[in-house]
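>>> Below are the sequence and a predicted model; questions follow.
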Amino acid sequence: MRSSNYDKFPFVPVAARPDACQTDWPAITEALRAALPAAPTAPDQPLVLAVECYPGTDLKQLQQELVQALQPAQCLVADDLYRSPADIDAMVAGPLTDDPVFGRLNGLTVTDFFDPSKLQAAQAALASAAGQLVVIVGTGATLVCPTPAIVVYADLARWEIQLRQRRNEIANLGSDNFTEKASLKYKRAYFVDWRAADRLKKQVLPRADFLLDTNDLTLPKLITGADLQAGLAAAVRRPFRVVPFFDPGVWGGQWLREVCDLPDGPPNYAWGFDCVPEENSLLLGFGDARVEIPSIDLVFAHPRELLGEAVHGRFGTEFPIRFDFLDTMGGGNLSLQVHPLTEYAFDKFGLAYTQDESYYMLDAEPGAVVYLGMKEEADFPEMLADLQRAQDDSSAPFPAAKYINEFPAKKHDHFLIPAGTIHCSGANGMVLEISATPYIFTFKLWDWDRLGLDGRPRPIHLTHGAANIQPDRTTTWVEQNLVNHLEPVASGSGWREERTGLHEREFIETRRHWFTDVVPHHTHGGVQVLNLVQGTEAIVESPTGAFEPFVVHYAETFIVPAAVGAYTIRPHGAAVGTECATLKAYVRT
Ligand SMILES: O=P(O)(O)OC[C@H]1O[C@](O)(CO)[C@@H](O)[C@@H]1O
């Protein structure tokens, strides 16, 4: 049994006044009252406090606290000025499509949710409150009044939103679909709500006077916009970690529970997401208080310093590298699957780049395998017919062994999975996935004749799959190109560096360093993501003292912003005298 030193709540310390963070409603509303000017700038205008809310924020609670404490002449809720749920359902139907998992990325904005006549009427009514305090809350509050006296941005982490969706506490933006299946609410948020809200956030967050964190409804937190900016500026100049989250699944295992010290409740943990900045959070530390913001805020605020010029130029404000865990230790096989080719991902889903992947084996039990590519002699049309038959006839399970290679998987093996390659991790493996960021574009081909956690079969996408599987990726090609494609690169005193991937069709380069002493690293102007894949503890340092030494533990993923430049890593604590290893990923430019 391994004892855990995995930090589940990493944070970026921010140098600020000890009382920078207000941590209850009375203190929060008092800080807002104190910040309000005595009168509006123009005498014929109201004094507006706008709370721009990320979708999923508890508006009732917010409204109640603000009204009770500030006693405004009016309190408007932006969502009341939206078009009807039926109109909005019709508006999003095109981009959402009928598919249970995939939609199409689109250009909808929060403005599109408003009913123009309701909005106009509300804005006219605002004029009648000249000289008085008006509070506006909701997604689009700053569209109702574009020039408020005070702007508060109430942000919310995507994981918290997903949990609220699962508990039927929230509906999608402008919808009343509280009880719809959680997977459908997630899909709608992914393709519509979050995209629209992020477009508005990019405009509003930089000018927000305050940031309100209501991820924990019992412990709201408020910091000033200036302190938020100080926190973001601190994060982008040093190595940091985002806050991991973990989720059970039908094939999930027990390794994450032990190594990451996760609670007993769920039967297993399948996924651990510890570097998907689109969905993870960043904790900013103000004294003892921790303010949780979506880590994508850092990408939006500092794309050039974080990503570097070339990566920002190519990917815009997206963080293109994803690290996550897939735990099947004591669990089952993932679905046999394939991801879309680049052109298919663009044409069907509007993706700018596709879901290229790789599996780095953090651990494996004897007998573990990775399914990868087709067998030399396999007949493609016959395989598709068998996949279809397996769906139609439960007495004809798909004979995977007839068509698909099974490669033994050992600790530290690296399997490369360019889109179009049929694959899945088998049972009893612990995968660190090092991949391009998209991660919901999985065409399941065969789910081993089992039901999902909700007791229903998980959606299968054979037509999409058939259009993307590359049948020429057979045994020899896969062995030569995708399995442990290792190459020594460099070495020094107490360390050596190897290239482990990814395949040339994938834009990510991965390097593994084995070390017992100090390893010199450099970002060379591009963001880097690393994981300590061997050793209990290592320390990341700046040769010039530009950032505070940063300790990482086994299996922790950390991000080194492009702006960091030179840094070193060496064994630390109990790992001194032992051989450690990091796996580093960056975008080839
Ligand atoms: O579809 P399954 O069987 O849950 O597989 C695991 C999933 O995790 C991913 O690897 C993303 O992390 C997807 O590609 C895949 O859908």
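Structure received. Residues are numbered from 1 along each chain as shown.

>>> Can you tell me which residue of the stretch 101-250 of the chain sits closest to the ligand?
residue 249 (5.7 Å; C-beta to the nearest ligand atom). Just so you know, the C-beta spots here come from the backbone N, C-alpha and C atoms, and that holds for glycine as well.

>>> surely residue 13 meets residue 231?
No: between residue 13 and residue 231 there is no contact, the gap being 9.1 Å when judged by C-beta atoms under 8 Å.

>>> picking up where we left off before, which SS state does the residue of the stretch 101-250 of the chain closest to the ligand fall under?
coil (DSSP: H, G, I helix; E, B strand; the rest coil).

>>> Run through the residues that contact it.
Neighbouring residues of residue 249 by C-beta atoms under 8 Å, 6 or more residues apart in numbering: 268, 270-271, 453.

>>> looking at the residues you listed, which has the most residues close by?
When neighbours are taken as other C-beta atoms under 10 Å, the top entry among the contacts of residue 249 is residue 268 (24 neighbours).

>>> Where does pLDDT dip in this structure?
Scanning the chain for pLDDT under 70 picks out 1-2.

>>> buried ones in stretch 8-26?
By neighbour count on 16 or more other C-beta atoms under 10 Å, the buried set for stretch 8-26 is 10-12, 14, 16, 20-23, 25.

>>> I meant to write stretch 353-371 there.
Buried residues in stretch 353-371 (16+ other C-beta under 10 Å): 353-365, 368-371.

>>> try stretch 384-392
Within stretch 384-392, the residues that count as buried by 16+ other C-beta under 10 Å are 384, 386-388, 390-391.

>>> need the residues of the stretch 251-400 of the chain near the ligand, please.
324, 326, 334-335, 337 (C-beta under 6 Å from any ligand atom).

>>> when you check these against the helices, which ones overlap?
Judged by DSSP state H, these include no members of helices.

>>> Turn those into CSV, including distance to residue 286 and neighbour count.
Compiled in CSV, those are given as follows (distance: C-beta to C-beta, whole Å; neighbours: other C-beta atoms under 10 Å):
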residue, distance to residue 286, neighbour count
324, 29, 21
326, 35, 23
334, 40, 26
335, 43, 20
337, 43, 23
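
>>> ok, back up a step: and the contacts of residue 249, which two are furthest apart?
Spatially, the most separated pair among these is 271 and 453, at 12.2 Å (C-beta to C-beta).

>>> hang on, the earlier thing: would you list the buried residues of stretch 8-26 in CSV and tack on distance to the ligand and secondary structure?
Rendered in CSV, the data for these read as follows (distance: C-beta to the nearest ligand atom, whole Å; DSSP: H, G, I helix; E, B strand; the rest coil):
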residue, distance to the ligand, secondary structure
10, 21, coil
11, 25, coil
12, 25, strand
14, 31, coil
16, 36, coil
20, 36, coil
21, 34, coil
22, 37, strand
23, 35, coil
25, 38, helix
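
>>> and which of those is nearest residue 512?
residue 10 (22.7 Å).

>>> Could you verify that residue 66 is part of a strand?
No: looking at residue 66 with three-state DSSP, it is helix, so not inside a strand.

>>> Now for it, how many residues are close by?
23.

>>> Skipping adjacent residues, who's closest to it in space?
Leaving aside its chain neighbours, residue 66 sits nearest to residue 135 (5.1 Å; criterion: C-beta to C-beta, 6 or more residues apart in numbering).

>>> Show me what counts as buried in the helix or strand harbouring that neighbour.
For residue 135, the element it lies in under DSSP states H and E is strand 133-138. Neighbour counts over strand 133-138 (16+ other C-beta under 10 Å) mark 133-138 as buried.

>>> Check stretch 28-40 too.
For stretch 28-40, by 16+ other C-beta under 10 Å, it's 28-29, 32, 36, 40.

>>> Show me these that map onto helices.
Under the assignment DSSP H, these contribute 28-29, 32 to helices.

>>> out of those, who's nearest the ligand?
Using C-beta to the nearest ligand atom, those come closest to the ligand at residue 28, 36.9 Å.

>>> what's across from the residue nearest to the closest one when sequence neighbours are not counted in the sheet?
Nearest non-adjacent residue to residue 28, counting by C-beta to C-beta, 6+ apart: residue 222, 4.3 Å away. Counting by DSSP bridges, residue 222 is bridged to residue 22, residue 212.

>>> Residue 222 - how many residues pack around it?
The number of residues packed near residue 222 is 25, by other C-beta under 10 Å.
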